[in-house]
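# Model the following, please.
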Amino acid sequence: MIKNLMLRGMPALALAALPLLTAAPTSHADHRPAAAPASTPAAAGASGALGVRAPLPLFEAIDRITVAEEQREGYTRSLYKHWNRGLDATDGCDTRREVILSEALEAPQVTAGCKMSGGLWLSPYDDVTMTDAAGIDVDHFVPLAEVHDSGGYGWDAARREAYANDQASPDTLIAVTAKSNRSKADKDPAQWLPPAAGYHCQYAATWVGTKLRWDLAADEAERQALLGLAEDCPDTTVVYEPAP
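Numbering: from 1, shown residues only. Next up is the predicted model:
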């Protein structure tokens, strides 16, 4: 699978793509059409399976997130089975490695067992270039613990696994430096923002789009932090598809 890297503000890489559920735009801010009125009807996705929302101004998208207290009780990371077999069952790559391959600016060589050598990546959290796939982390944009706190506690095992391996959206999973991923941990935007300040608008839009895609809530502190970011991102819009 090849994600639309132009939506991360990076050049696209022409690799052979695995089919996506849809070719819809993502929730990132740049390379976006102008915001459409909220009444714009949803367009059909490339597969016709999911509705694609019209671009929403960031403020309006934030207002669509339910505000609720977080609930951490019962959370363990193992509840969210992640890095399962990827979309291509024949390539030997799990979800994590497929994300790394899809976000490469320069394709690595791939040998048996999905072992990679060479290649080039850019971590948007900290604007750091990476050349060793083994040192790349794949982050859940909305961390698993935050997902649980925000509504995932009510999901069944299949839906938890679907989120943890979501490759139908180019927003849910992202390849970044291990350092930035460890720094972020399970924090929401009220507690952590990427060191690369130029990525903050995209970060807010992607966070909001992912929460809307998976029908997740936000607590009040998180909401206020997102609204604060939106003040500095007047042209940022959000596009998302509801998860099946």
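# Contacts only, for the residue lying farthest from the centre of the chain.
Taking Cα atoms, centre = their mean, the residue of the chain most remote from its mean C-alpha position is residue 112, at 27.9 Å. Residue 112 sits next to residue 92 when contact means Cβ atoms under 8 Å, 6 or more residues apart in numbering. The C-beta positions use only the backbone N, C-alpha and C, and glycine is treated the same way.
# and it, backbone torsions?
Backbone torsions of residue 112, given as degrees, to the nearest 10, read phi -50, psi 140.
# Tell me, what's the model's pLDDT at it?
pLDDT for residue 112: 89.
# From residue 93, how far out is it?
Residue 112 sits 11 Å away from residue 93, going by Cβ to Cβ, to the nearest Å.
# and what of residue 142?
23 Å.
# cool, and residue 55?
32 Å.
# just residue 84 next, same as before
Distance of residue 84 to residue 93, computed by Cβ to Cβ: 11 Å.
# With neighbour numbers in mind, choose between the two.
A direct count of neighbours by other Cβ atoms under 10 Å for residue 84 and residue 93 places residue 93 higher, at 23 against 12.
# Please list all residues in contact with the residue nearest to the more buried one when sequence neighbours are not counted.
Of all residues not flanking residue 93 in the chain, residue 114 sits nearest, at 3.9 Å (Cβ to Cβ, 6 or more residues apart in numbering). Applying Cβ under 8 Å, 6+ apart, we find residue 114 in contact with 91, 92, 93, 94, 97.
# phi, psi of residue 114?
Torsion angles, degrees, to the nearest 10, at residue 114: phi 60, psi 40.
# got it, and the one 10 residues further on?
Reported as degrees, to the nearest 10, the phi and psi values for residue 124 are phi -70, psi -20.
# how about residue 209, secondary structure?
helix (DSSP: H, G, I helix; E, B strand; the rest coil).
# Could you verify my assumption that it touches residue 240?
Yes. Using Cβ atoms under 8 Å, residue 209 makes contact with residue 240 at a distance of 4.0 Å.
# in what helix or strand does residue 110 lie?
Per DSSP states H and E, residue 110 falls inside strand 109-111.
# which stretch of helix or strand covers residue 116?
Secondary structure assignment for residue 116, by DSSP H and E: strand 115-117.
# partners of that strand, with directions?
strand 109-111 (antiparallel) (DSSP bridges).
# What are the buried residues along the partner strand?
Buried residues in strand 109-111, defined by neighbour count with 16 or more other Cβ atoms under 10 Å: residue 110.
# what's the answer for stretch 160-174, then?
160-174.
# Using PDB, list the CA coordinates for that stretch.
Extracted in PDB, the C-alpha atoms of stretch 160-174 (Å, rounded to 0.1, in the frame of the first residue of the first chain):
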ATOM      1  CA  ARG A 160      -9.800  -2.900  18.600                       C
ATOM      2  CA  GLU A 161      -7.700  -4.900  16.100                       C
ATOM      3  CA  ALA A 162      -9.200  -3.000  13.200                       C
ATOM      4  CA  TYR A 163      -8.100   0.300  14.700                       C
ATOM      5  CA  ALA A 164      -4.600  -1.000  15.700                       C
ATOM      6  CA  ASN A 165      -3.900  -2.100  12.100                       C
ATOM      7  CA  ASP A 166      -5.900   0.500  10.100                       C
ATOM      8  CA  GLN A 167      -4.400   0.900   6.700                       C
ATOM      9  CA  ALA A 168      -7.600   2.000   5.000                       C
ATOM     10  CA  SER A 169      -6.900   5.500   6.100                       C
ATOM     11  CA  PRO A 170      -3.500   7.100   5.600                       C
ATOM     12  CA  ASP A 171      -3.900   8.900   8.900                       C
ATOM     13  CA  THR A 172      -4.200   6.300  11.600                       C
ATOM     14  CA  LEU A 173      -0.600   5.000  11.400                       C
ATOM     15  CA  ILE A 174       2.500   7.100  10.700                       C
END
